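>>> Predicted model, plus sequence, below.
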Amino acid sequence: MRSIVMSRRKYTKEFKLKVLKEHEEQGVSFWRLGKTYGIEASIIRRWWHVFDAWGEEGLEAHNSDLCNYSADFKEMVVKEYMAGGITRQSLAKKHGILAPSTIGSWVKAYNNHEELTESRPKGDYLMVKDNKGRKTTLDERIAIVEHCTANAMNYALTAKEYDCSYGQVYTWVKKYEERGVEGLYDRRGRSKPMEELTETERLQAENRLLKAQTKQQQMEINFLKKLNAVERR
């Protein structure tokens, strides 16, 4: 097959899908595809990551729609990565970040005491950035944490789904991780919570949330297996 040189940043979704299909169905390596089409292998690898995370929509979205994030969002992601226990690939997929290398750039800037600049966040985050916090019941908070856990800790998607703020979702998830269902009680302004669960209800809620965690962990395992298989080609 003759080599075809194409200008960068002008690849259509159809062309990207054609290249990725050769990789997936024929086992052609990123390096070989790069030589064939005159594209850096790292670019094709990035297409694969984007397609695996967001499907065809990710391949047709313009970079300006995918690469804008708020300073607070960047700092949150950096701190999560520095806390350990998660790869850049998994973190990128979890938060809807176009390329894992982006996180590396943020970490480097943060460690060099450089300012993480404010910019317009992407996707669902942009749609919910102005969402106001609202009062919720204990049942709603359990459902929200369950939804967020089962959807790769996508705080923005959950905030959009339940019409609450991004910060609320993030806080409730962290409280659950630290204290279980007990952390989801709203104890502000009173010595004893008005909303209580019976022992059976508490166990049922814990079971729901543990199932959501198991689902997400399996998705994470499957994703890492697929990523490792790709990188060995």
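All right, it came through fine. What you are looking at is a predicted structure, and each value in this text was computed from that prediction instead of being measured. Residues are numbered from 1 along each chain as shown.
>>> Point to the helix or strand of the chain where mean pLDDT is at its lowest.
Scoring the helices and strands of the chain by mean pLDDT, DSSP states H and E places helix 63-66 at the bottom, with a mean of 46.
>>> other SSEs contacting the helix or strand following that one?
Counting by DSSP states H and E, the next helix or strand C-terminal to helix 63-66 is helix 71-82. Under the contact criterion of 3 or more C-beta pairs under 8 Å, 6 or more residues apart in numbering; DSSP states H and E, helix 71-82 touches helix 88-95, helix 100-111. In this view, the C-beta of every residue, glycine as well, is placed from N, C-alpha and C.
>>> can you tell me which of those helices the model trusts least?
Out of those, helix 88-95 stands lowest, with a mean of 79 (criterion: mean pLDDT).
>>> CA atoms of it as CSV?
Provided in CSV are the C-alpha atoms of helix 88-95 (Å, rounded to 0.1, in the frame of the first residue of the first chain):
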residue,chain,number,x,y,z
ARG,A,88,-3.5,8.9,33.5
GLN,A,89,-5.4,6.9,31.0
SER,A,90,-8.1,5.9,33.5
LEU,A,91,-8.3,9.4,34.9
ALA,A,92,-8.7,10.9,31.4
LYS,A,93,-11.5,8.6,30.6
LYS,A,94,-13.2,9.2,34.0
HIS,A,95,-13.3,13.0,33.6
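>>> That one to helix 100-111, inter-axis angle?
Here the directions of helix 88-95 and helix 100-111 differ by 100 degrees (axes from the mean of the first three to the mean of the last three C-alpha atoms, to 10 degrees).
>>> Quick check: buried residues in helix 88-95?
Arg88, Gln89, Ser90, Leu91, Ala92, Lys93, Lys94, His95 (16 or more other C-beta atoms under 10 Å).
>>> so what does that helix touch, helix or strand wise?
Helix 88-95 is packed against helix 41-54, helix 71-82, helix 100-111, helix 199-232, with contacts defined by 3+ C-beta pairs under 8 Å, 6+ apart.
>>> Among these, show me which one is buried the most.
Highest mean neighbour count of these: helix 41-54, a mean of 18 (counted as mean count of other C-beta atoms under 10 Å).
>>> So which other helices or strands are in contact with that one?
With 3+ C-beta pairs under 8 Å, 6+ apart as the test, helix 41-54 has helix 13-26, helix 30-37, helix 56-60, helix 88-95, helix 199-232 packed against it.
>>> right, and Arg134 touches Val169 too?
No - taking C-beta atoms under 8 Å as the definition, Arg134 is not a contact partner of Val169, at 11.6 Å.
>>> Neighbour count: these two, which is higher?
Using other C-beta atoms under 10 Å as the criterion, Arg134 and Val169 rank with Val169 on top: 27 against 11.
>>> Check the offset of stretch 40-54 from the chain's centre.
15 Å (C-alpha atoms, centre = their mean, to the nearest Å).
>>> Quick check: mean pLDDT of that stretch?
Stretch 40-54 carries an average pLDDT of 78.
>>> What is the end-to-end distance of stretch 15-35?
For stretch 15-35, the first-to-last residue distance is 15 Å (C-alpha to C-alpha, to the nearest Å).
>>> shaky segments in this structure?
Applying pLDDT under 70 to the chain picks out residues 1-10, 53-54, 57-58, 60-68, 98-99, 118-130, 152, 187-196, 216-217, 219-233.
>>> rewinding a little: with distance to Asn151 added, can I get the helices and strands packed on helix 88-95 in TSV?
Shown next, in TSV, are the helices and strands packed on helix 88-95 (distance: least, C-beta to C-beta, whole Å):
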stretch	distance to Asn151
helix 41-54	13
helix 71-82	16
helix 100-111	19
helix 199-232	8
